[in-house]
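1. I would like to see how this sequence folds:
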Amino acid sequence: MSRDLPDDAAERRRLARLVSGGEVLVLSGAGLSTESGIPDYRGPTGRRHPATPMTYQEFTGSAAARQRYWARSHRGWQRILQARPNSGHQAVGRLQRAGLLTGVITQNVDGLHQAGGARGVIELHGGLDRVVCLACRAISPREELDERLAEANPRARDVAVSGPVKPDGDVELAEPEIESFQVVDCLDCGAGPLKPDVVFFGENVPPDRVARCYALVEASRLLLVLGSSLTVASGFRFVRRAAARGIPVAIVNQGVTRGDPLADVLLDSPLGQLLPALAAEAIGR
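-> Numbering: from 1, shown residues only. Alright, predicted model coming up:
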């Protein structure tokens, strides 16, 4: 699928004028974090990379699935911790500090928006930096779980991995390493299985979180989509709401998106290059 894009320079100037007017809501996706070394699910072609993310039904229904997830995620978590916010994340933080944003909604679970200076970020799909007990619902830091898993699996951090870390912190491991991995349970209730506090495939975003996002859309005069193909309905619905309310939608992404027909401004560009320039022009320095 190809895009018939308008003049790039003219679209950049138009976007800068819109952003300089303030009341901008940012909706970001995995494409914003690719320049920090975390690959996205689809890439510029819009086609999904060959990966099979864990589903909620698999995770909750099988101890073996949880063992597989935690063995791979424990190793991948080290890669997520090493990732640093790129110039795109920092530009979003700068726009917020300049008072031009109504809010930031991210589909990412890597915490890089906050590390890049953004505050009050709504993590639509949750965050990998915390875990939840499926029995008692207690929330605890991922750092604490990481230490417990390291104690139970002293060799795990030295195990070789193949390929890059995925957006959800997953990496490929050899089957024997998965089968020997020891999973730990909740410390609060003593028995409940632990799950990262993220929305898995097949799981719904909490309704109160969705309502907060809709409220931000209604309070904004521009929805700025950054690095998302909008293939997943959980993010695309906010583009549809904005378009239905007559709120302009601007999309900056490498490759086609589901929201292209609804966009008022459309740019195909690496975000780490475009966003710092956009911030400088919109802020006026």
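
2. List the contacts of residue 196.
-> Contacts for residue 196 (C-beta atoms under 8 Å, 6 or more residues apart in numbering) come out as 73, 109, 126, 128, 130, 131, 132, 142, 169. Every C-beta, even on glycine, is put in place using the N, C-alpha and C of the backbone.

3. Could you report the pLDDT at it?
-> The confidence metric pLDDT takes the value 96 at residue 196.

4. For the helix or strand where it lies, what is the distance to the chain centroid?
-> Taking DSSP states H and E as the criterion, residue 196 maps to strand 194-198. Between the centre of strand 194-198 and the centre of its chain there are 15 Å (C-alpha atoms, centre = their mean, to the nearest Å).

5. Report the next helix or strand after it in sequence order.
-> helix 207-218.

6. Helix or strand next in line after that next one, which one?
-> strand 222-226.

7. Outside of that following strand itself, list whatever touches it.
-> Contacts of strand 222-226 (C-beta under 8 Å, 6+ apart): 15, 18-19, 21, 23-29, 31-32, 88, 92, 217, 238-239, 242, 247-253, 257, 259, 263, 271, 275.

8. Need the CA coordinates for the strand holding residue 196. CSV is fine.
-> Coordinates of each C-alpha in strand 194-198 appear next as CSV, following Å, rounded to 0.1, in the frame of the first residue of the first chain:
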residue,chain,number,x,y,z
LEU,A,194,2.5,-12.4,38.5
LYS,A,195,1.9,-10.6,35.3
PRO,A,196,3.6,-7.4,33.9
ASP,A,197,1.2,-4.5,34.4
VAL,A,198,0.6,-4.2,30.6
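
9. Would you mind giving the domain segments of the chain?
-> 7-38+85-125+204-285, 51-82+127-198 (automatic domain parsing).

10. gap between the longest one and the chain center?
-> Centroid separation for domain 7-38+85-125+204-285 versus its chain: 12 Å, with C-alpha atoms, centre = their mean.
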